[in-house]
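Q: Have a look; sequence and predicted model below, questions after that.
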Amino acid sequence: MKEYLQKRCVINKETNCWEWSGGVDSWGYGQFFKNKKTHKAHRSMYKEIHGDIPKGLFVCHTCDNPKCINPEHLWLGTPKQNAQDRDIKGRHVSFKGESHPAAKLDWGLVEMIRENPNEHTHKKLASICGVSVSTIRDVVYNRYWKTDANILRENQATT
């Protein structure tokens, strides 16, 4: 298996990453099909070198390159450790408000909805804004589209 994996990667001389040259999943991780199953290349390489991966652990990359299968770049971590590693390295992207790719509202509409919550029914507002009634309800009750003042109030209430 190790030879199979090594034959299907190209070594990046700058990073020393062994970059998978076969198919990748939607997140960019190398994958291959064997014995009627899809396998992740980096996980397969980790298993070849270090043995089984305990349930609930991720095979993480020190290099942050999802195509990399270099065993020296792979380490085991919990989901929390993986998220902390991502955050420390500044790879976490958080879209909020109108910057979210799926946003149908902007701050102007949100303010209009909140300023006059009784002027129109939620159903009418949903129709005007092109969103669902539940989205309108979430905006009215500050579940989505939170301002800094909303967040501050929530944090004070929990402390």
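A: Done, it's in.
Q: which SSE is the residue sitting furthest away from the middle of the chain in?
A: Note on the chain: the largest C-alpha distance from the chain mean falls to residue 119, namely 38.1 Å (C-alpha atoms, centre = their mean). Using DSSP states H and E, residue 119 sits within no helix or strand.
Q: What separation do you get for it and residue 135?
A: 17 Å (C-beta to C-beta, to the nearest Å). Every residue, glycine included, has its C-beta placed from N, CA and C.
Q: And residue 12, by the same measure?
A: Computed as C-beta to C-beta, the residue 12 to residue 135 distance reads 44 Å.
Q: Likewise for residue 4?
A: Distance, residue 4 to residue 135, by C-beta to C-beta: 49 Å.
Q: Excluding chain neighbours, what is closest to residue 6?
A: Distances taken as C-beta to C-beta, 6 or more residues apart in numbering place residue 18 nearest to residue 6, at 7.2 Å, with adjacent residues excluded.
Q: quick one, what contacts that neighbour?
A: Residues near residue 18 by C-beta atoms under 8 Å, 6 or more residues apart in numbering: 6, 9-12, 45, 68-70.
Q: The closest residue in space to residue 129 that isn't next to it in sequence: which element?
A: Once flanking residues are discounted, residue 129 sits nearest to residue 109: 5.5 Å by C-beta to C-beta, 6+ apart. When elements are assigned from DSSP H and E, residue 109 belongs to helix 107-115.
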